[in-house]
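Peer 1: Just the structure for this:
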Amino acid sequence: MGNRFNCNVSILFAAAIMLTGVLLVSAQDVSPAPTLVRPTLVPTVPPQSIDTLPGESAISRLVADGQVRVGILYNEPPFGELNIRGDTSGFDADLARALGEAWGVTTVLSQVTRQTGVDQVLAGEIDLLIAAQPHLRELDGLIEFSEAYYPSEQVMVVRDGDAAQALPEMAGRTVGYILGTRSETALQYWTARTGVTVTPVQFVNQDQALTALTGGTIDGLIANRVHMQRAVTEPGIIRMLAEPVMREPFAIGMRRQDANLRALVDRTLHFFDTSGRLNEIHRANFSDVDYPPNAIIPWLNVGESAPTAADAPSNVPFPSQYVVPRLQAERTLRVAGIRDVPPDAPESVRRLDAVHRSLINEIARRWNVTVVYVPDDGTSPVDQVANGQADLAVGVQPDWNLADRVDFSEPYLMHGYQLLFETSAGINGFGDLRGKAVGIFSDEPDADEVLRAQAEAARAIVNDVYQLANESDVAFAILAATDLNLTAVLADSIRLLPHQQNNPDTLSFLTDANGRPVFFTRNYLALATPRNDVDFSLLLDYTLQEMLLEGVLQSMMAPVSLPDAIPEVEIWPGPSSYLGFDLAGS
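Peer 2: Down below sits the predicted model:
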């Protein structure tokens with residue numbers, strides 16, 4: 001009876017669509033609340049009629065007019081909403097205003113819909129699209145996206161008493177989705193990529209779908225996490241599985257290849273994150289909940305103040321040669337940063353070199369190209385990319401001081417200071433090191449500063465600090481009965497990991513209450529690419545994302561990284577091919 005009722009509702013709904021002319025786009029969410037201003041659903045400018053190569057950065061107009069024009073949704077709380085007082089509020093609105101304030105310009109907000117936002121960017125009617133807009137691969141050929149500012153997800157929702165704990169356990173069960181929303185897209189994306197088979201059931205709206213779920217008509221429902229948290233606030237009714245069905249990170253859209261505007265936006269987001277401004281905006285719009293930790297991966301040298309529009313370059317730097325056409329023609333990938341490692345090099349150096357070679361070889365295999373290592377000519381790998389000698393460089397830490405010369409891929413490795421100790425010592429924090437002997441490396445001069453700061457925070461006096469000269473001495477210095485009799489060593493994780501892996505029963509890393517490894521510093525490694533070569537950057541990031549989704553990247557990094565320490569790389573939904581390159585591992 002219930003299925004026949006759903007079918008009848010679907011028929012009536014389809015008829016209503018034909019009568020009213022309302023468009024449903026599968027890649028965009030249906031609004032949970034009505035707009036207070038009638039939306040324009042017809043695209044304002046056909047995308048193919050727009051010149052996507054800007055003659056000058058939008059920064060020129062921002063500075064000249066003293067305003068930044070931002071498109072925002074008026075019906076997507078808590079991100080954007082036109083309230084009953086006629087004010088635009090929400091996380092996106094507050095973020096847009098904060099950007100304008102930091103840049104020294106006025107923020108002018110205007111309504112967009114999910115159907116018109118991208119077209120208004122292309123037409124030059126708005127400078128930025130901040131509208132709970134997921135970074136979707138299908139849009140990368142039209143506009144460019146900033147770094148994600150909110151880690152949105154489509155999740156699997158089940159009844160609170162359901163036995164399922166992981167997505168594969170939903171195989172063979174009945175799963176609902178909401179017609180014409182990204183939950184429909186997520187269902188297709190998930191089943192196509194994993195091969196999981198479910199019985200799909202469509203619903204006209206979220207309320208109908210939730211009623212079916214709580215009433216037992218369906219076993220699961222795919223929906224946006226924030227929408228579900230807002231729709232069901234009473235505990236004990238539903239719960240969401242931890243693994244997302246599809247990530248859909250929200251990012252800021254702008255004209256394609258406006259590299260300086262993108263840099264201005266990203267650097268300001270980084271500054272807002274490190275200064276706490278993003279957390280303030282989030283708490284104001286998400287019931288005093290803190291901004292998600294590690295949502296934005298920091299670069300070096302973000303600065304102690306926000307960048308301003310007046311100080312930002314307003315030109316558009318185009319690369320002298322685009323990499324993708326050369327890859328397609330010559331089938332060679334020129335790589336900088338790989339150097340011959342002597343046989344007596346420390347194990348951490350040899351491991352990292354092997355990982356980098358494996359990473360490059362796997363990328364080249366997926367692209368069906370041959371690797372050519374650019375020889376060391378005395379210049380840095382970044383210089384070799386910037387001057388056109390190399391297509392990419394490995395092992396580069398993203399740095400704002402280099403952002404005017406190269407672009408950076410998403411990070412593939414995170415490392416930093418960790419504390420390794422004898423398992424039997426039962427160390428739960430620096431307070432347990434009171435009166436103990438701790439080792440640091442003589443060539444890591446800031447380790448002593450980190451050690452002292454952590455000990456002071458724990459109100460522990462750690463006076464017995466010893467300098468280690470050789471990386472190979474770590475396990476012996478902790479485990480053997482020597483004059484040193486070290487309890488722990490504080491050092492970079494890449495140097496410590498081989499010792500823990502070789503002594504898993506006797507050496508442990510410090511973890512938090514949830515069993516996750518504790519890092520006292522975090523350093524990220526990425527690939528440097530030619531500045532503003534958008535298609536090559538996308539090709540590279542798509543490939544890294546595919547490797548992460550397949551579990552290949554995690555396995556590849558195992559010699560230099562704990563599984564829980566792999567960076568939270570953004571995953572942009574879309575096909576696993578680009579510009580004729582098949583990026584899937586098989």
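Peer 1: C-alpha from now on. contacts and neighbour counts both.
Peer 2: Noted.
Peer 1: Next, the buried residues of the longest helix along the chain.
Peer 2: Scanning the chain for the helix with the most residues, using DSSP state H, yields helix 347-367. Going by neighbour count (16 or more other C-alpha atoms under 10 Å), the buried part of helix 347-367 is 347-349, 351-356, 359-364, 367.
Peer 1: Then stretch 297-316?
Peer 2: In stretch 297-316, counting by 16+ other C-alpha under 10 Å, buried: 297-299, 302, 306-310, 312-316.
Peer 1: closest to residue 501 among those?
Peer 2: Within these, the smallest distance to residue 501 is 27.1 Å, found for residue 297 (C-alpha to C-alpha).
Peer 1: Just confirm residue 459 is within a strand.
Peer 2: No. Using DSSP: H, G, I helix; E, B strand; the rest coil, the secondary structure at residue 459 is coil, not a strand.
Peer 1: Pull the number of nearby residues for it.
Peer 2: A count of nearby residues for residue 459, using other C-alpha atoms under 10 Å, gives 12.
Peer 1: got a list of what it touches?
Peer 2: If a contact means C-alpha atoms under 8 Å, 6 or more residues apart in numbering, then residue 459 has residue 431 as its contacts.
Peer 1: circling back: relative to the whole chain's centre, how far out is the longest helix of the chain?
Peer 2: From the chain centre to the centre of helix 347-367 is a distance of 22 Å (C-alpha atoms, centre = their mean, to the nearest Å).
Peer 1: Quick one: residues in contact with it.
Peer 2: Taking C-alpha under 8 Å, 6+ apart as the rule, helix 347-367 contacts 333, 338, 341, 370-371, 394-395, 471-472, 494-495, 498, 543, 556-557, 559-560, 581-585.
Peer 1: picking that back up, in helices only, show me the buried residues of stretch 297-316.
Peer 2: Among those, no member falls in helices (DSSP H).
Peer 1: what's the closest non-adjacent residue to residue 77?
Peer 2: Spatial nearest neighbour of residue 77, chain neighbours left out: residue 90 (6.3 Å); criterion: C-alpha to C-alpha, 6 or more residues apart in numbering.
Peer 1: Can you report phi and psi for the one you found?
Peer 2: phi 120, psi 170 (degrees, to the nearest 10).
Peer 1: Residue 73 is in contact with that one, correct?
Peer 2: No. Contact criterion C-alpha atoms under 8 Å: residue 90 and residue 73 do not qualify, at 9.7 Å.
Peer 1: And those two? Which one has more around it.
Peer 2: Neighbour count, other C-alpha under 10 Å: between residue 90 and residue 73, residue 73 has more, with 30 against 25.
Peer 1: Any figure for the gap between that one and residue 416?
Peer 2: To residue 416, residue 73 is 40 Å away according to C-alpha to C-alpha, to the nearest Å.
Peer 1: Same check on residue 508?
Peer 2: Residue 508 sits 16 Å away from residue 416, going by C-alpha to C-alpha.
Peer 1: Report the buried members of the contacts of helix 347-367.
Peer 2: Of the contacts of helix 347-367, these count as buried by 16+ other C-alpha under 10 Å: 333, 338, 371, 394-395, 471-472, 494-495, 498, 543, 556-557, 559-560, 583-584.
Peer 1: Can you find the helix or strand of the protein with the lowest average pLDDT?
Peer 2: Using mean pLDDT, DSSP states H and E, helix 2-20 stands out as the lowest-scoring helix or strand of the chain, at a mean of 38.
Peer 1: quick one on the thing from earlier: more neighbours, residue 508 and residue 416?
Peer 2: Higher neighbour count among residue 508 and residue 416: residue 508, with 23 against 17, using other C-alpha under 10 Å.
Peer 1: So which residues make contact with the helix or strand containing the more buried one?
Peer 2: Following DSSP states H and E, one finds residue 508 within strand 507-509. Strand 507-509 is contacted from outside by 418-423, 475, 499-500, 517-518, using C-alpha under 8 Å, 6+ apart.
Peer 1: what pLDDT, on average, does the following helix or strand past that strand get?
Peer 2: Downstream of strand 507-509, the next assigned helix or strand under DSSP H and E is strand 523-530. On average, the pLDDT along strand 523-530 is 98.
Peer 1: then strand 523-530 to CSV, C-alphas only?
Peer 2: Written as CSV, here are the backbone C-alpha positions of strand 523-530 (Å, rounded to 0.1, in the frame of the first residue of the first chain):
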residue,chain,number,x,y,z
ASN,A,523,53.7,19.7,8.5
TYR,A,524,52.1,18.8,5.1
LEU,A,525,53.8,17.8,1.9
ALA,A,526,52.2,18.4,-1.5
LEU,A,527,53.2,18.6,-5.2
ALA,A,528,54.1,21.9,-6.7
THR,A,529,52.7,22.7,-10.1
PRO,A,530,52.9,25.6,-12.6
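Peer 1: just how off-centre is it within its chain?
Peer 2: On C-alpha atoms, centre = their mean, the centre of strand 523-530 falls 14 Å from that of its chain.
Peer 1: That strand pairs with which strands, and in what direction?
Peer 2: strand 392-396 (antiparallel), strand 406-408 (antiparallel), strand 413-415 (antiparallel) (DSSP bridges).
Peer 1: tell me the angle of the longest one relative to helix 347-367?
Peer 2: Looking back up the chat, that one is strand 392-396. 150 degrees (axes from the mean of the first three to the mean of the last three C-alpha atoms, to 10 degrees).
Peer 1: So for strand 392-396, mean pLDDT?
Peer 2: 98.
Peer 1: So what's the gap between it and the chain middle?
Peer 2: On C-alpha atoms, centre = their mean, the centre of strand 392-396 falls 19 Å from that of its chain.
Peer 1: Can you name the residues in contact with that strand?
Peer 2: 334-338, 356, 381-382, 384-385, 525-530.
Peer 1: With respect to residue 175, which of the residues you listed is nearest?
Peer 2: Taking those together and measuring to residue 175 by C-alpha to C-alpha, the closest member is residue 526, at 38.2 Å.
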